[in-house]
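Chemist: have a look; sequence and predicted model below, questions after that.
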Amino acid sequence: MNTRKEIIIGFVVGIIANTFGTLLYILLFSDLGIVDTFNAAVEQGHIGSLLALGAILNLIAFFGFLRIKRDQRAKGVMLATLVTALAILLYKVLS
């Protein structure tokens with residue numbers, strides 16, 4: 001399969017894993033609803049921490065792809081993690 005397509009698939013999996021990780025963290029550890037927790041995190045300046053905790057699921061996707069010898073997809077997950085980190089950095093610098 002095309003290398004670029006494999007990296008894109010890994011990137012999409014990384015973004016989805018990050019989203020599910022963030023939602024899972026909110027559902028497990030917050031007394032508020034998803035929207036209320038997100039709004040509270042934005043108001044208190046903790047949105048970066050919330051997104052970083054959600055990125056923990058990327059570890060599972062990354063090592064899962066490495067285990068089944070899908071190195072290009074693992075690169076895509078790593079790229080998604082780096083994009084998330086850069087978004088958090090940009091948010092912290094601009095706010």
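Modeler: Looks like it arrived, so ask away. Numbers count the residues shown, from 1 in each chain.
Chemist: looking at the protein, which helix is longest?
Modeler: When the chain is scanned for its longest helix (criterion: DSSP state H), the result is helix 3-29.
Chemist: let me know the next secondary structure element after it.
Modeler: Next helix or strand after helix 3-29 toward the C-terminus (DSSP states H and E): helix 34-44.
Chemist: got the angle between that following helix and helix 3-29?
Modeler: Here helix 34-44 runs at an angle of 90 degrees relative to helix 3-29 (axes from the mean of the first three to the mean of the last three Cα atoms, to 10 degrees).
Chemist: which residues are contacting the helix or strand that helix 34-44 is followed by?
Modeler: Following helix 34-44 in sequence order, the next helix or strand is helix 47-54 (DSSP H and E). Contacts with helix 47-54, where a contact means Cβ atoms under 8 Å, 6 or more residues apart in numbering, come from 18-26, 37-38, 41, 84-85, 87-88, 91-92. Just so you know, the C-beta spots here come from the backbone N, C-alpha and C atoms, and that holds for glycine as well.
Chemist: are any of these buried, and which?
Modeler: Burial by neighbour count, 16 or more other Cβ atoms under 10 Å: within these this picks out 18, 21-22, 25-26, 37-38, 41, 84, 88.
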